[in-house]
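J.: when you get a sec, could you give me coordinates for this:
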Amino acid sequence: MVMIGTDSHKRTHTAVALDEVGRRLADKTVPATSDGHFALVSWAQQWTQVSFAAEDCRNMTRRLERDLLAAGHRLVRVPTRLMAQARASGRQPGKSDPIDAEAVGLAALRHRHRLPVAELDGPTRQVKLLADHRRDLVGERTRVVNRLRWHIHELDPALRVRARGLRSYCVIDRLGEHLATVTGLVARLARELLARCRELTMQINALWRELRDLVRRLAPTVLAIPGCGVLSAAMILGETAGVHRFRSRDAYARFTGTAPIPAWSGNTAGKVRLNRGGNRTLNSALHMIAVTQSRGIGPGAAYLDKLTAGGKTRTEAIRLLRRRISDAVYSALRADERDHGLDSASQPRTGPDTSLAEPIHPAA
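T.: Next up, the predicted model:
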């Protein structure tokens, strides 16, 4: 089996072919276009059994992944954290595109049975794009609102706009009527910012409605989890990108960052510490669900009371609840995939194991 590591840039992709023991066989640089990707596929045909590896650079490698998968090739994603070790152990010092591509291939050879296998985009890709775009618009609206509030304070310090009030059309309309009676450059800038705030609010609300319809269709079981709203479910769907990639709930907990990390030696057997890795967006969604349940929505509050009565701190109890919710989300995602005919038994397999991590013991 030949492993072809790739180093991707905006304009070019450099590929290095390695044999099973990591010896370099050949290298090739192609343009970062579909024609270049076709040339890369043709070049790889000189070997009978080929697997591609790409550093997980999100949009930088997405077009390359799509073209290679459409051509019927297997491609694994190498996390960036594995690259430092691969570069340090490389045979050739320095830095160049072939050296980096070889490091990707070496990392893929070392961890060949533990790396995620890329797949063609499914409907969850649309959910992720919409959720990310909405989050960007919310951040832009926050910056607009902050500048607007400073102008309002300068124009009339006695004028009060309640917190988060500028998300409401009624508040925006009343403030617009007030600003229409004020003259001067600051008032003009304030009116322009207010109009932009209204426009962003309309876009954000429209995206929320679109996400709501998608989530209700793709993941009704996830949405039924107590404390899980439309945005949390959308973040879970988009970041998971197919729960069939994970062979167990423990592997999924490693991906979500809710599985503890062993930290013991000798007499301290069984000790663990907080996992600060994993997908932080997904971890944030689980945390929001845990906080909502802690306020009495769902079984979370009773579970937290039981843990705190047993000597756990509030923070430790929330972490354990977050792991419980991760397991519940995993089961719900599996159920939704079965309902849509996308369970692991029907997924095409191009390689061995596609999970992201080895199973570990649960936190609780």
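J.: next helix or strand past whatever helix or strand A233 lives in?
T.: With secondary structure defined by DSSP states H and E, A233 is part of helix 230-240. Next helix or strand after helix 230-240 toward the C-terminus (DSSP H and E): helix 249-256.
J.: now that next one: buried residues?
T.: Buried residues in helix 249-256, counted by 16 or more other CB atoms under 10 Å: R249, D250, A251, Y252, A253, R254, F255, T256. Yep, even glycine has a C-beta here, placed from its N, CA and C like the rest.
J.: what angle do helix 230-240 and that helix make with each other?
T.: Orientation note: helix 249-256 sits at an angle of 100 degrees relative to helix 230-240 (axes from the mean of the first three to the mean of the last three CA atoms, to 10 degrees).
J.: and the average pLDDT for helix 249-256 is what?
T.: Confidence over helix 249-256 (mean pLDDT, whole number) is 91.
J.: same question for stretch 147-157.
T.: 94.
J.: other residues contacting that stretch?
T.: By CB atoms under 8 Å, 6 or more residues apart in numbering, the surrounding residues in contact with stretch 147-157 are 159, 161, 166, 175, 179, 182, 184, 186-187, 189-190, 193-194, 197.
J.: recalculate using a threshold of 10 Å.
T.: 159-161, 166, 175, 178-179, 182, 184-194, 196-197 (CB atoms under 10 Å, 6 or more residues apart in numbering).
J.: mind listing what the residue nearest the centre of the chain touches?
T.: For the chain, E239 is the residue whose C-alpha lies nearest the centre (CA atoms, centre = their mean; 3.7 Å). Contacts for E239 were tallied using CB under 10 Å, 6+ apart; they are 124, 127-128, 131-132, 255-256, 279-285.
J.: now do the strands in this protein.
T.: 2-8, 12-18, 24-31, 50-55, 74-78, 261-262, 272-273 (DSSP state E).
J.: what's the last one packed up against?
T.: Looking back up the chat, that one is strand 272-273. Contacts defined by 3 or more CB pairs under 10 Å, 6 or more residues apart in numbering; DSSP states H and E place strand 272-273 against strand 261-262.
J.: in its sheet, what does the strand it packs on sit against?
T.: strand 272-273 (antiparallel) (DSSP bridges).
J.: how far off centre is the partner strand?
T.: Averaging C-alpha positions (CA atoms, centre = their mean, to the nearest Å) puts strand 272-273 24 Å from its chain's average.
J.: just name the shakiest helix or strand of the chain by mean pLDDT.
T.: Lowest on mean pLDDT, DSSP states H and E among the helices and strands of the chain sits helix 83-88, with a mean of 68.
J.: narrow the contacts of stretch 147-157 to those that are buried.
T.: V161, L166, L175, L179, A187, A190, R191, L193, L194, R196, C197.
J.: which members of the contacts of E239 occur in helices, if any?
T.: 124, 127-128, 131-132, 255-256, 280-285 (DSSP state H).
J.: in helices, which of the contacts of stretch 147-157 fall?
T.: 175, 178-179, 185-194, 196-197.
J.: nearest to M1, of those residues?
T.: Nearest to M1 among these is R196, at 55.1 Å by CB to CB.
J.: how close does the residue nearest to that closest one when sequence neighbours are not counted sit to G300?
T.: Sequence neighbours aside, V144 is the residue nearest to R196 in space, at 5.3 Å (criterion: CB to CB, 6 or more residues apart in numbering). From V144 across to G300, the span is 35 Å (CB to CB, to the nearest Å).
J.: likewise R191?
T.: Counting by CB to CB - R191 and G300 are separated by 45 Å.
J.: can you give me the domain boundaries for the chain?
T.: Split into domains by automatic domain parsing, the chain comes to 2-110, 123-218, 221-346.
J.: for V117, which of the ones you listed is the nearest?
T.: domain 2-110 (5.5 Å).
J.: now do the end-to-end distance for that closest one.
T.: End-to-end distance of domain 2-110 (CA to CA, to the nearest Å): 13 Å.
J.: how many neighbours does T61 have?
T.: For T61, the neighbour count with other CB atoms under 10 Å is 21.
J.: repeat for the one 3 residues further on
T.: One way to gauge burial is a neighbour count; for L64, by other CB under 10 Å, it gives 25.
J.: correct me, but it touches K10?
T.: No. Using CB atoms under 10 Å, L64 is not in contact with K10, being 11.6 Å away.
J.: so what sits against both of those two?
T.: The contact lists of L64 and K10 share A32, where a contact means CB under 10 Å, 6+ apart.
J.: excluding its backbone neighbours, what's nearest L207?
T.: Per CB to CB, 6+ apart, closest to L207 is R134, 4.2 Å.
J.: scratch that, A53
T.: Nearest residue to A53 in three dimensions, chain neighbours excluded: A108, at 3.5 Å (CB to CB, 6+ apart).
J.: the one you found and S51 touch, don't they?
T.: Yes. With contact defined as CB under 10 Å, A108 reaches S51; the gap is 7.6 Å.
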